[in-house]
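Colleague: sequence and computational prediction follow.
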Amino acid sequence: MLMKSNSARANAAGIAAAAIFAAPGLAADLVISNWDGYMAADAIESFNEATGNNAELVLHGTNEEIMGKIMASGGKGLDVAFVSSPFAEVLRNLGLAAEIDASKIPNMSNLYPEAMMLEHDVGNKFSVPYAWGTTGLCYRSDLIQPAPESWNDLLDPDESLRGKTTMLATDRWLLAAGLLAKGYSVNETDIAKLEEVRDQLIETKETLLAYDDTTFYLKLVSGEATLVHAWDGWCNFGIAENSDIAYIVPAEGSDLWVDTMVVLEASENKDAAFAFINFILDADNHQWAAENILYKVPNKAAMDALPPELIEAFPNMGYSADSMLNYEQLRDVGETQRDYARIVSEIKAAQ
């Protein structure tokens, strides 16, 4: 859901950067897979004009979808994939993610130093962060008094909130809310603790309006819901429509989610892939993401250029880079991922 068009600036930035990005021998027919609307609509065209490449964009709806395609093909036919950090970690562990050649991505110098210290990939050896953020509570400040402060305000809501709350359905985030409420790791592998959280979330299910990963902010805007489990950027979509909507990280904390760009080891176009990542990390191009999808980007040059009124309107956009590292990053939990999936299925199946 884009807030405004920024195609003119993206085009100008791409042309101005041509001298940096263009290099002899870059392969054509670069294939990039990304979520719909996660970069400027003309980004691929601008990149092609700037570099002489013939890149194309394909879309995936979820991490699981693109991972399935990569696993089935070994990554052949795809050069760059946008995936969340636990999935980037899986690709690396399976030998499917190429080593990042930082010498071919000079715009990595635009990243915050903290963005080079992410636990899943210290030094950005096999992934480059594109966006990062927190998960918390998004609510109608005009309809809830006092303001929520704890995950337990969602998991064990006041009677006035019953039937007016939603939770994210995706397994890692659904369980993270319960894990954080109990002081556990968002990457917990102790089955007893996971099943303890399952039991709590089954009780919570009776109080929910819905599980909702996509339209929860619209429910807040309409007043159908008054408190929802939300990614910070998606809460901003609601704030854009109703200034009474607010966002907090609960007292028990948040996960740190990171969406990344990965070059596939099977790519035959690695130089072009690095050039594309360099193009995205150009301050003007990366600023587009912050201004239009209202997600924080780990690009200091881009964030420093944001207009002050945007931070004022969307306070979570102003969270500092060092504060982001206070939260535990979602990681690959290995074989325990099957338990996460099983437990979420049990929660949803419970009567």
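Modeller: The structure has been received and is ready for your questions.
Colleague: all contacts plus neighbour counts: C-alpha atoms, from now on.
Modeller: Noted.
Colleague: I'd like the average pLDDT over whichever helix or strand residue 195 is part of.
Modeller: Taking DSSP states H and E as the criterion, the element that holds residue 195 is helix 191-205. Averaged over helix 191-205, pLDDT sits at 98.
Colleague: could you do stretch 236-243 as well?
Modeller: 97.
Colleague: over to stretch 327-346?
Modeller: 96.
Colleague: alpha carbons only: can I get it in CSV?
Modeller: Extracted as CSV, the C-alpha positions of stretch 327-346 are listed here (Å, rounded to 0.1, in the frame of the first residue of the first chain):
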residue,chain,number,x,y,z
TYR,A,327,15.3,-6.4,20.4
GLU,A,328,16.0,-10.1,19.7
GLN,A,329,16.2,-10.8,16.0
LEU,A,330,14.1,-13.6,14.5
ARG,A,331,16.5,-16.5,13.6
ASP,A,332,16.3,-19.8,11.9
VAL,A,333,15.2,-22.3,14.5
GLY,A,334,16.1,-25.4,12.5
GLU,A,335,14.1,-28.5,13.0
THR,A,336,12.0,-26.7,15.7
GLN,A,337,10.3,-24.8,12.8
ARG,A,338,8.2,-28.0,12.4
ASP,A,339,7.1,-27.6,16.0
TYR,A,340,6.2,-24.0,15.5
ALA,A,341,4.0,-25.0,12.5
ARG,A,342,2.4,-27.9,14.4
ILE,A,343,1.6,-25.7,17.4
VAL,A,344,0.1,-22.9,15.4
SER,A,345,-2.0,-25.5,13.6
GLU,A,346,-3.2,-26.8,17.0
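Colleague: shift numbering so it begins at 440
Modeller: I'll keep to 440 as the first residue from here, and by that count the last item is stretch 766-785.
Colleague: list the contacts of it.
Modeller: For stretch 766-785, contacts defined as C-alpha atoms under 8 Å, 6 or more residues apart in numbering pick out 524-526, 528-529, 557-559, 610-611, 613-614, 624-628, 630, 633-634, 637, 692-697.
Colleague: just the buried positions in that stretch, please.
Modeller: Residues of stretch 766-785 classed as buried by neighbour count (16 or more other C-alpha atoms under 10 Å): 766, 767, 768, 769, 770, 771, 772, 778, 779, 782, 783.
Colleague: ok, now stretch 641-653?
Modeller: 641, 643, 644, 646, 647, 648, 649, 650, 651, 652.
Colleague: if we can go back for a sec, would you list the buried entries among the contacts of stretch 766-785?
Modeller: Applying 16+ other C-alpha under 10 Å to the contacts of stretch 766-785 flags 524-526, 528-529, 557, 559, 611, 613-614, 624-628, 633-634, 637, 692-697 as buried.
Colleague: among these, name the ones in helices.
Modeller: 524, 525, 526, 528, 529, 611, 613, 614, 633, 634, 637 (DSSP state H).
Colleague: give the contact list for the third one.
Modeller: When the contact criterion is C-alpha under 8 Å, 6+ apart, the partners of residue 526 are 502, 506, 771.
Colleague: how far away is the second one from residue 604?
Modeller: Right, the one you point to is residue 506. 31 Å (C-alpha to C-alpha, to the nearest Å).
Colleague: same check, this time on the last one
Modeller: Taking C-alpha to C-alpha as the criterion, residue 771 is separated from residue 604 by 29 Å.
Colleague: what's the pLDDT at the closest residue to residue 639 other than its chain neighbours?
Modeller: Spatial nearest neighbour of residue 639, excluding adjacent residues (C-alpha to C-alpha, 6 or more residues apart in numbering): residue 617 at 7.2 Å. Residue 617 is assigned 98 on the pLDDT scale.
Colleague: alpha carbons of the helix or strand harbouring residue 617, as CSV, please.
Modeller: Using DSSP H and E, residue 617 sits in helix 610-620. Extracted as CSV, the C-alpha positions of helix 610-620 are listed here (Å, rounded to 0.1, in the frame of the first residue of the first chain):
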residue,chain,number,x,y,z
ASP,A,610,3.5,-18.8,13.0
ARG,A,611,6.7,-17.0,14.1
TRP,A,612,4.9,-13.8,15.0
LEU,A,613,1.8,-15.4,16.5
LEU,A,614,4.0,-17.4,18.9
ALA,A,615,6.4,-14.5,19.5
ALA,A,616,3.6,-12.5,21.2
GLY,A,617,3.1,-15.4,23.7
LEU,A,618,6.8,-16.0,24.1
LEU,A,619,7.6,-12.4,24.9
ALA,A,620,4.7,-12.2,27.3
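Colleague: roughly how far out does it sit from the chain middle?
Modeller: Computed by C-alpha atoms, centre = their mean, to the nearest Å, the chain-centroid distance of helix 610-620 equals 16 Å.
Colleague: need the contact partners of the helix or strand encompassing residue 503.
Modeller: Here residue 503 sits within helix 502-512, counting by DSSP H and E. For helix 502-512, the external contacting residues (C-alpha under 8 Å, 6+ apart) are 472, 499, 514, 515, 517, 520, 522, 523, 526.
Colleague: the fifth one and residue 471 touch, don't they?
Modeller: Yep, that's residue 517 we're talking about. Yes: counting by C-alpha atoms under 8 Å, residue 517 touches residue 471, with 6.5 Å between them.
Colleague: list the contacts of residue 749.
Modeller: 730, 756.
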